[in-house]
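J.: Turn this into a structure:
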Amino acid sequence: MENELKVYRAKHDLTQEALATEVGVTRQTINAIEAERYDPSLELAFKLAEHFECSIEDLFTYTGE
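T.: Predicted coordinates for the structure are as follows:
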């Protein structure tokens, strides 16, 4: 799954650590999502979209892999 998390994080001037704290995960989780090594749970995807006030589809693109 591709994502725009790093772009949204940069637009909001947030570090990985700050975003992780806001949504209740570790910095390593945010790093792994941004590097596309880890797909977030549906709950975490909703939390991230809610945090950035956007839709899940704005943040994540399913690539069928």
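J.: so what does the lengthiest helix in the chain touch, helix or strand wise?
T.: Counting residues, the longest helix found in the chain (DSSP state H) is helix 42-51. Counting contacts by 3 or more CB pairs under 8 Å, 6 or more residues apart in numbering; DSSP states H and E, helix 42-51 is packed against helix 16-23, helix 56-59. Every residue, glycine included, has its C-beta placed from N, CA and C.
J.: quick one, it and helix 16-23 angle?
T.: Helix 42-51 and helix 16-23 are oriented at 100 degrees to each other (axes from the mean of the first three to the mean of the last three CA atoms, to 10 degrees).
J.: the inter-axis angle of whichever strand or helix holds residue 29 versus helix 16-23?
T.: Residue 29 belongs to helix 27-34 when assigned by DSSP states H and E. Using the same axes, to 10 degrees, one finds that helix 27-34 and helix 16-23 are set 100 degrees apart in direction.
J.: And for stretch 49-65, what's in contact with it?
T.: 1-5, 8, 12, 19, 22-23, 40, 45-46, 48 (CB atoms under 8 Å, 6 or more residues apart in numbering).
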